[in-house]
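S.K.: pasting a predicted model and its sequence here:
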Amino acid sequence: MSGKTSAISIALALALTAGGAVAATSVEKAITLRQASYKEMGKSFKAVNDELKKDTPDTKLIAAEAKKVHGFSLAIPKWFPKGSGPEAGIKMRAKADIWAEPVKFAEATKALQVESQKLRVAAGKGDVEAIKLQFKATGGACGGCHKPFRAEEK
Ligand code: HEC
């Protein structure tokens, strides 16, 4: 191998390694953001549930948490870039079906966007019984995605 060739192959090898490292990092970042965001959304949803168990729920607090859940629901489509599935080799509960069935996944996302918006509106009106009913419907939308698209906890 001539000196020139080996310099070129080293440069090429370095470029490939660097490219690979960058790609891995952005996938890792996407997964971290996704998992942290779901946890935050879960906290807000639980806060609504906890409030609804009280004798006189604070509907303003519920409205604020419902708004957060709705905001997260709108961001869901950005949380699943190509390559951020189980093939990334990172611990996750996201199933490969998310990427294999994008239309079904988009429908499950849309369902939460619609129901959480209705929850926001119900909370804004302050009618606790209506909020309770809409909370159930919203929970149904969580389950409607978890059942097909979230794997069992390992
Ligand atoms: C469109 C699909 C979808 C919807 C809708 C959805 N989730 Fe999830 N959720 C997931 C997936 C997929 C994961 C796993 C993500 C991962 O591990 O990378 C997850 C993870 C979570 C987690 C993190 C802990 C865990 O179990 O991995 C919480 C908490 C959570 N979801 C709560 C909720 C709540 C509450 C709702 C409804 C308000 C909801 N999710 C709606 C798909 C969804």
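M.R.: That came through, no problem. Numbers count the residues shown, from 1 in each chain.

S.K.: is the ligand contacted by whichever strand or helix holds Lys110?
M.R.: Using DSSP states H and E, Lys110 falls within helix 102-125. Yes: Helix 102-125 reaches the ligand (C-beta under 6 Å from any ligand atom) through 105, 108-109, 112. Any C-beta I mention is one placed from the backbone N, CA and C, and that applies to glycine too.

S.K.: so which of the residues you listed is the most crowded?
M.R.: Neighbour counts for the residues of helix 102-125 next to the ligand (other C-beta atoms under 10 Å) peak at Leu112, which has 24 neighbours.

S.K.: measure how buried the closest residue to Ala88 other than its chain neighbours is and give me the count.
M.R.: Spatially, and ignoring its direct neighbours in sequence, Ala88 is nearest to Val27 (5.3 Å; C-beta to C-beta, 6 or more residues apart in numbering). Counted by other C-beta under 10 Å, the residues lying close to Val27 total 19.

S.K.: can you tell me the average pLDDT over the helix holding Lys110?
M.R.: Helix 102-125 shows a mean pLDDT of 98.

S.K.: have a look at the protein and report the helix or strand with the lowest mean pLDDT.
M.R.: helix 3-52 (a mean of 81; mean pLDDT, DSSP states H and E).

S.K.: coming back round to it: so which elements touch the following helix or strand past the helix holding Lys110?
M.R.: Counting by DSSP H and E, the next helix or strand C-terminal to helix 102-125 is helix 128-149. Applying 3 or more C-beta pairs under 8 Å, 6 or more residues apart in numbering; DSSP states H and E, we find helix 128-149 packed against helix 3-52, helix 59-75, helix 97-100, helix 102-125.

S.K.: so which of those helices is nearest Phe149?
M.R.: Distance to Phe149, taken as C-beta to C-beta, is lowest for helix 97-100 among the helices and strands packed on helix 128-149, at 5.2 Å.
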